[in-house]
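Enquirer: would you be able to build a 3D model of this:
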Amino acid sequence: MLDATTRSGGTVTASPRVAATECAVPASPLSGAGFAARCTRAVRSPYARLSLLLALLAGAAAGVLVFEPQRLLTHGWPPQLGGAAAAVVFAVAYGLCTVAFVPRPLLNLAAGALFGSQVGLAASLAGTVLGAGVAFGLGRVLGQDALRPLLRGRWLKAADGQLSRHGFRSMLAARLFPGVPFWAANYCAAVSRMRWWPFLLATAVGSVPNTAAYAVAGARASAPTSPAFLIAMAGIAVPALLGSVVAWRKRHHLRGR
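Expert: Below you'll find the model as predicted:
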């Protein structure tokens, strides 16, 4: 170890260990790594993701208001698209429009008017499953963690339990009987613990009757007195009436409990 002073001139010389200690600069509590970690945690927080989901949905709704996809019913499909490619493009646009809260009956009528009953039904069902899957994925990834702690009411807990334990049956009933908005069923299922495949399968199967009725009505709209159009309108009205009756009876049953 070196002495604090030399024998020749009395000059003070610091030891290497003391010099290293004196030159060390204390780490700042606001270091770059800590700030980046806090920013990452904030961005990944449930409420930040929920805010992102709400921003995406608001942007999609605004896009619908600007581009007005309902003009397909009056102006027709772009002439440069035809055949199978047109049906595929329509199915993709259909799915994105349902995520942006465009009513499915309007899209189903457009599909039937543009492509006929069979191709219109196929394109509508494909778009239905696609849109439901996109909405379910967005709700599951961006909204579930923030919204599940809010399920404290009796009605909310009952709905969550029904969707979580009997996912396929509950979603099949929601798709078969009108009354539950398509987007609301998608996001409610996403917040619950329902699995992907029961949700998508119930959506595909349960959407067939109503979608087919609207597609046929759109394809036969030019002949409103034809048997096909009248049957399609009955296929639209009867499930709506049955759904209303079931909802009314359930309402009184729940009030009596």
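Enquirer: switch to C-alpha atoms for all contacts and neighbour counts from now on
Expert: Noted.
Enquirer: and Gly34, what's its pLDDT?
Expert: pLDDT, Gly34: 71.
Enquirer: what about it, how many neighbours?
Expert: Neighbourhood size, Gly34 [other Cα atoms under 10 Å]: 12.
Enquirer: next: Gly133.
Expert: Other residues near Gly133 number 21, with proximity taken as other Cα under 10 Å.
Enquirer: go on, Ser192?
Expert: 23.
Enquirer: may I have the phi/psi pair for it?
Expert: When read as degrees, to the nearest 10, the backbone of Ser192 gives phi -70, psi -170.
Enquirer: give me the distance between it and Cys97.
Expert: 23 Å (Cα to Cα, to the nearest Å).
Enquirer: and Ala60, by the same measure?
Expert: Counting by Cα to Cα, the gap from Ala60 to Cys97 is 8 Å.
Enquirer: again, but for Val64
Expert: Distance, Val64 to Cys97, using Cα to Cα: 7 Å.
Enquirer: from what I can see Ala212 touches Leu121, true?
Expert: Yes - Ala212 lies in contact with Leu121 (Cα atoms under 8 Å); the separation is 5.7 Å.
Enquirer: number of residues surrounding the closest residue in space to Asn210 that isn't next to it in sequence?
Expert: Computed as Cα to Cα, 6 or more residues apart in numbering, the closest residue to Asn210 that is not its neighbour in sequence is Ile236, at 6.3 Å. Ile236 has 21 neighbouring residues, counting by other Cα under 10 Å.
Enquirer: residue boundaries of the helices in the stretch 51-200 of the chain?
Expert: Here the stretch 51-200 of the chain has its helices, by DSSP state H, counting those that start in this stretch, at 72-75, 83-99, 104-115, 117-138, 144-147, 154-165, 167-176, 182-191, 196-206.
Enquirer: what packs against the second one?
Expert: To tie it back to what came earlier, the one meant is helix 83-99. helix 46-67, helix 104-115, helix 117-138, helix 182-191 (3 or more Cα pairs under 8 Å, 6 or more residues apart in numbering; DSSP states H and E).
Enquirer: next, the angle from the first one to helix 83-99.
Expert: Direction vectors for helix 46-67 and helix 83-99, defined by axes from the mean of the first three to the mean of the last three Cα atoms, to 10 degrees, enclose an angle of 120 degrees.
Enquirer: contacts for helix 46-67?
Expert: For helix 46-67, contacts defined as Cα atoms under 8 Å, 6 or more residues apart in numbering pick out 42-43, 97, 99-102, 138-139, 141-143, 145-146.
Enquirer: related to what we said a few turns ago, between Ala60 and Cys97, who's got more neighbours?
Expert: Counting neighbours by other Cα under 10 Å for Ala60 and for Cys97 shows that Cys97 has the greater number, 22 against 19.
Enquirer: how about the contacts made by the more buried one?
Expert: 64, 131.
Enquirer: distance of Phe136 relative to Arg220?
Expert: Noted for Phe136: a distance of 33 Å to Arg220, by Cα to Cα.
Enquirer: who has more neighbours out of those two?
Expert: Under the criterion of other Cα under 10 Å, the comparison of Phe136 against Arg220 puts Phe136 first, with 26 against 22.
Enquirer: correct me, but the more buried one touches Ala185?
Expert: No - at 9.2 Å, Phe136 does not count as touching Ala185 under the criterion of Cα under 8 Å.
Enquirer: many thanks, I have nothing further to ask.
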